[in-house]
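Engineer: The following comprises the amino acid sequence and a computationally predicted model.
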Amino acid sequence: MIQIGKEGKRMRRILIVVGSGNINGHTDQLARVFEKGAIQAGHEVKRIVLSKNLQGCQGCGACQINQHHCVIQDSMQEYYAMFEWADTLVLASPLYFWSISGRLKCFIDRLYAISQNDEYPYKETFLLMSAGDNHFWTFEQALSFYSFYTKALGWKSLGSVLAGGCHDESHQPYIPPLKLQEAYEKGLSL
Ligand SMILES: Cc1cc2nc3c(=O)[nH]c(=O)nc-3n(C[C@H](O)[C@H](O)[C@H](O)COP(=O)(O)O)c2cc1C
């Protein structure tokens, strides 16, 4: 159910899914500033850093005859409940070989368990990504996957922040400050 706040503004339940193992790394920092903006705007936010042990979908199909329960007992069991709670899904990933991270892809694939006749609960989505390169085409493949995926599931994309040019400076993550600002402002403006 859509919740409306005091000033007639829509209050969202936002789930930020971070598909990077680097706590406080480039992607996690983008996610944190986005979260900060969203909380300031009055939304409810949950942020998860995907477990390193998250398994991929094994394609057994058991979920489709088993009341949509996935047989793999790992942290995804906890994530399913959070996914159902959220009306807005923020996917956050480092760029790995011009695509999203394997960890985030495992999360996406495992959502198959809760699909019914290839239909998924409706979500509005946002994409946050970090990368080392900063060419005009750096995020082309990842963005293409994201756009296709959200459209195919009938979801609505609210936009993206694509932070190229991230690198480590003396073991400290560096994200272009304008991109951090952009992520914060997007969170605030949701
Ligand atoms: C396995 C791997 C593959 C990567 N592939 C790319 C790539 O294709 N293009 C790119 O610009 N950066 C690539 N990078 C760099 C990361 O996207 C970049 O360092 C990112 O900001 C790391 O985010 P994190 O701090 O959240 O881990 C790759 C890094 C790794 C570890």
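Structural biologist: Ah, there it is. Here the structure is a predicted model, which means the values were calculated and not measured.

Engineer: For the ligand, see how far away the most centrally placed residue in the chain is.
Structural biologist: By C-alpha atoms, centre = their mean, the chain has its centre lying nearest to Leu91, at 1.3 Å. Applying C-beta to the nearest ligand atom, to the nearest Å, the value for Leu91 to the ligand is 13 Å. To be clear about C-beta, it is placed using only N, CA and C from the backbone, and glycine gets the same treatment.

Engineer: mean confidence score for the helix or strand containing that residue?
Structural biologist: Take DSSP states H and E as the rule and Leu91 turns out to sit in strand 88-94. Averaging pLDDT along strand 88-94 gives 98.

Engineer: angle of the very next helix or strand once past that strand against strand 88-94?
Structural biologist: Later in the chain than strand 88-94, the nearest helix or strand by DSSP H and E is helix 102-110. Helix 102-110 and strand 88-94 are oriented at 150 degrees to each other (axes from the mean of the first three to the mean of the last three C-alpha atoms, to 10 degrees).

Engineer: ok, residues contacting the helix or strand of the chain with the lowest mean pLDDT?
Structural biologist: Lowest by mean pLDDT, DSSP states H and E among the helices and strands of the chain is strand 3-4, with a mean of 78. Strand 3-4 is contacted from outside by 10-13, using C-beta atoms under 8 Å, 6 or more residues apart in numbering.

Engineer: Most neighbours among the residues you listed, which one?
Structural biologist: Highest neighbour count within those: Arg12, with 21 neighbours (other C-beta atoms under 10 Å).

Engineer: For the chain, list the residues in contact with the ligand, please.
Structural biologist: 20, 22, 25-28, 94-98, 130-133, 138, 166, 173 (C-beta under 6 Å from any ligand atom).

Engineer: thought Cys57 was touching Ile108?
Structural biologist: No - Cys57 lies out of contact with Ile108 (C-beta atoms under 8 Å); the separation is 9.1 Å.

Engineer: returning to what we had before: pull the contacting residues for the residue nearest to the centre of the chain.
Structural biologist: Each residue near Leu91 by C-beta under 8 Å, 6+ apart is listed here: 17, 19, 100, 104, 108, 125-128, 146.

Engineer: and if you look at Leu95?
Structural biologist: 129-133, 138-139, 142.
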